[in-house]
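Asker: Model the following, please.
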Amino acid sequence: MSDADNPKFDIESEAELEALRKRMKDPFFLPSHEDIRKVFPTREEWDKYKNDSGVKFHELLNKEFLEALANYIIERANVYQGLEGQPLIILEIGAGDGRLAHFLQEELNKRAKGKFVVVATDSGAWKTEHPFPVEIFSYKDALENYHPKIVVCSWMNPGEDWTAGIRSTRSVEEYILIGGISTCGDSWNTWGIPPMDADPQFYQQSSVPYVKDGFEIAHMDGISCYQIARTDHLAVADTYHSSTNSFRRKK
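Answerer: Coordinates of the predicted model:
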């Protein structure tokens with residue numbers, strides 16, 4: 001029997017891998033992209049994890065994604081008001097368990113401590129228990145209460161559109177949507193994508209809701225490349241179903 005037929009396993013490495021598997025269920029643990037790849041090398045292991053009743057997520061957050069998102073927000077904050085004076089509020093609406101806001105605050109603190117306050121808000125409709133602070137507000141009340149310059153929304157409810165309310169908030173300069181374009185929000189009102197059976201004469205570029213309201217879209221490929229959604233197939237390349245897109249108010 002050859003060595004290839006009888007491989008020798010590194011017991012210490014296997015123990016470390018098992019410890020990493022357990023940590024994946026800890027809400028305060030933020031894995032790296034490499035950690036995720038190590039833990040879920042096959043479709044079967046990925047499916048087992050995401051179908052576990054104790055695991056709930058649309059987007060599997062990781063260090064690289066949060067780092068890229070934090071760097072981008074700092075860059076945009078410098079465009080809008082700089083980093084002097086009062087901390088800039090980053091408002092997350094539909095924040096769910098607040099985990100994204102928690103880790104985004106941590107990453108912003110590493111780069112510009114005291115310059116940002118990330119506020120997680122949610123309607124509370126799902127009534128989920130979690131260890132992160134989330135303020136109970138409808139997205140409309142949150143916008144009215146905080147008057148943010150930058151809004152973040154991750155995995156907006158399918159078939160709903162909150163972006164009209166965001167754009168009509170005069171303080172908002174930019175909103176960042178995280179999630180699947182085909183599965184989040186409303187195809188036309190959120191993304192400006194006409195229905196399949198649409199009359200092409202009606203759905204002209206000038207009538208795209210966000211364009212009509214004076215916004216333009218920027219596809220954030222440098223952030224999207226780190227995203228991992230629940231629907232992704234980790235064992236196959238180029239099967240990713242989530243992205244980050246920014247909508248900026250035109251000057």
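
Asker: So what sits opposite Ala229 in the bridge?
Answerer: Counting by DSSP bridges, Ala229 forms beta bridges with Glu59.

Asker: actually Ile217, not the one I wrote
Answerer: Legend: beta-bridge partners of Ile217 under DSSP bridges are Phe247.

Asker: average pLDDT for the helix or strand that contains Glu34?
Answerer: Following DSSP states H and E, the helix or strand that holds Glu34 is helix 33-39. Model confidence over helix 33-39, given as mean pLDDT, is 88.

Asker: any weak-confidence spans in the stretch 51-200 of the chain?
Answerer: For the stretch 51-200 of the chain, applying pLDDT under 70 flags the ranges 53, 200.

Asker: Quick check: Thr169 vs Leu30, distance?
Answerer: The spacing between Thr169 and Leu30, counted by C-beta to C-beta, to the nearest Å, is 30 Å. The way it works is simple: take the backbone N, C-alpha and C, and place the C-beta from them, glycine included.

Asker: My error: substitute Gly82 in the last question.
Answerer: Taken as C-beta to C-beta, the spacing of Gly82 relative to Leu30 amounts to 28 Å.

Asker: With neighbour numbers in mind, choose between these two.
Answerer: When Gly82 is set against Leu30 and neighbours are counted by other C-beta atoms under 10 Å, the residue ahead is Leu30, at 18 against 10.

Asker: Identify the residues contacting the more buried one.
Answerer: With contact set as C-beta atoms under 8 Å, 6 or more residues apart in numbering, Leu30 has these partners: Leu61, Asn62, Lys63, Leu66, Phe103.

Asker: With respect to Ile36, which of those is nearest?
Answerer: Top of the list for closeness to Ile36, among the contacts of Leu30 and by C-beta to C-beta, is Asn62 at 6.1 Å.

Asker: The residue lying closest to the closest one once chain neighbours are set aside: how many residues sit nearby?
Answerer: Distances taken as C-beta to C-beta, 6 or more residues apart in numbering put His33 closest to Asn62, at 5.1 Å, once the chain neighbours are dropped. Neighbours of His33 under the rule other C-beta under 10 Å: 16.
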